[in-house]
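A.B. asks: Structure for this input, please:
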Amino acid sequence: MPKIKNNIKLYRVQADLTQEQLATILRISRESLLFIEKGKHFPSIKIAMKMAKFFKIKVDDIFYFEE
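C.D. replies: Numbers count the residues shown, from 1 in each chain. Next up, the predicted model:
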């Protein structure tokens with residue numbers, strides 16, 4: 001069964017941002033971002049689109065299926 005994975009940490013580190021800084025930009029808690037990065041929580045469409053817009057990429061560049 002495929003699992004949804006993400007590249008949030010990769011893009012966050014490339015942008016030289018801490019979890020706290022990105023969470024502030026997205027207007028979510030650092031804890032929420034931590035759970036999303038670890039794949040323990042899935043963001044709303046709104047948050048996923050805010051991430052993509054911030055990093056200037058597509059949502060499916062951040063979130064993907066893995067077998």
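
A.B. asks: State the mean pLDDT of stretch 27-41.
C.D. replies: Averaging pLDDT along stretch 27-41 yields 96.

A.B. asks: which other helices and strands contact the helix or strand where residue 9 lies?
C.D. replies: Here residue 9 sits within helix 8-14, counting by DSSP states H and E. For helix 8-14, the packing partners by 3 or more Cβ pairs under 8 Å, 6 or more residues apart in numbering; DSSP states H and E come out as helix 19-26, helix 30-37, helix 45-55. C-beta: built from backbone N, CA, C; applies to glycine.

A.B. asks: among those helices, which is nearest residue 1?
C.D. replies: helix 30-37 (20.3 Å; Cβ to Cβ).

A.B. asks: Format the CA atom coordinates belonging to the closest one as CSV.
C.D. replies: Coordinates of the C-alpha atoms in helix 30-37 are reproduced here as CSV (Å, rounded to 0.1, in the frame of the first residue of the first chain):
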residue,chain,number,x,y,z
ARG,A,30,6.1,24.4,15.1
GLU,A,31,4.7,21.2,16.6
SER,A,32,2.2,20.9,13.7
LEU,A,33,5.1,21.4,11.2
LEU,A,34,7.1,18.8,13.0
PHE,A,35,4.3,16.2,12.7
ILE,A,36,3.8,17.1,9.0
GLU,A,37,7.5,16.7,8.3
